[in-house]
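Chemist: Structure for this input, please:
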Amino acid sequence: MGARIEQVVTSGTFSLDGGSWDVDNNVWIVGDDDEVLVVDAAHDADAIRSAVGDRRLTAVVCTHAHNDHINAAVPLAESTGASVFLHLDDRFLWSQSQPEFPLAYLGDMRRITVAGTELQVLHTPGHTPGSISLYAPELGTVFTGDTLFAGGPGATGRSFSDFPTIIRSVRDRLLTLPPDTTVLTGHGDSTTIAAEAPHLEEWIARGH
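Modeler: Purely as a prediction, here's the structure:
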């Protein structure tokens with residue numbers, strides 16, 4: 001059986017710049033009946049571990065280091081032996097909310113394989129300096145974290161984010177993918193590249 005994608009929705013708190021907000025996060029599990037990786041271990045390590053079941057967890061990949069996307073990564077990794085992967089440019093954000101932990105660092109165009117399926121790292125900064133997306137061409141899917149949502153790019157109104165940078169990332173790295181690519185986001189509904197691409201100029205005009 002080839003790789004498939006499973007979703008777990010967890011709930012908790014996002015904290016930054018002295019504020020806190022209740023959020024629901026999408027946690028994505030990619031793999032087959034034998035091995036999987038987790039994209040964005042958010043809030044509830046037990047719920048994620050239950051969804052993984054008795055399969056081997058090969059990696060916990062963080063699309064960025066805001067606390068709501070990484071706060072279950074360490075307990076999940078410690079209980080399974082999986083490595084935690086993060087882009088080096090977000091290491092400083094990790095250190096603001098997480099304990100010291102041996103991380104593996106991802107660079108642009110790095111490839112990760114699980115269950116015979118390759119995921120390609122796309123460095124898509126803007127929401128944070130080290131934000132990445134994971135493109136799985138065999139699955140016709142890109143995992144965008146908080147870089148692209150149904151309806152536009154992610155928020156850039158907080159520290160360490162930048163609107164022109166996220167627009168460049170979306171335009172040059174994501175909207176160039178095949179139009180039928182499914183976009184699996186860090187929060188909320190999924191979308192497609194075809195659904196989002198026509199609206200780029202609107203986002204720029206309104207400073208989304």
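
Chemist: all helices in this structure, in order from the N-terminus.
Modeler: 45-52, 67-70, 73-80, 91-97, 163-169, 193-196, 200-206 (DSSP state H).

Chemist: Go through those helices and pick out the most buried.
Modeler: helix 67-70 (a mean of 25; mean count of other Cβ atoms under 10 Å). Just so you know, the C-beta spots here come from the backbone N, C-alpha and C atoms, and that holds for glycine as well.

Chemist: Which strands and helices lie in contact with that one?
Modeler: For helix 67-70, the packing partners by 3 or more Cβ pairs under 8 Å, 6 or more residues apart in numbering; DSSP states H and E come out as strand 4-16, strand 19-31, helix 91-97.

Chemist: what's the angle between the second one and helix 45-52?
Modeler: Angle between the axes of strand 19-31 and helix 45-52 is 20 degrees (criterion: axes from the mean of the first three to the mean of the last three Cα atoms, to 10 degrees).

Chemist: circling back: most packed of the helices and strands packed on helix 67-70?
Modeler: When the helices and strands packed on helix 67-70 are compared using mean count of other Cβ under 10 Å, strand 19-31 is most buried, at a mean of 18.

Chemist: Out of the helices of the chain, which is closest to Gly19?
Modeler: For the helices of the chain, proximity to Gly19 was assessed by Cβ to Cβ; helix 67-70 is nearest, at 12.0 Å.

Chemist: isn't Ser79 right up against Ser50?
Modeler: No: taking contacts as Cβ atoms under 8 Å, Ser79 lies outside contact range of Ser50: 11.6 Å.

Chemist: Take the helices of the chain and write them to JSON lines, including mean pLDDT.
Modeler: Below are the helices of the chain laid out as JSON lines (pLDDT from 0 to 100):
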{"stretch": "helix 45-52", "mean pLDDT": "98"}
{"stretch": "helix 67-70", "mean pLDDT": "98"}
{"stretch": "helix 73-80", "mean pLDDT": "97"}
{"stretch": "helix 91-97", "mean pLDDT": "95"}
{"stretch": "helix 163-169", "mean pLDDT": "98"}
{"stretch": "helix 193-196", "mean pLDDT": "98"}
{"stretch": "helix 200-206", "mean pLDDT": "92"}
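
Chemist: of those, which approaches Gly126 most closely?
Modeler: helix 163-169 (2.4 Å).
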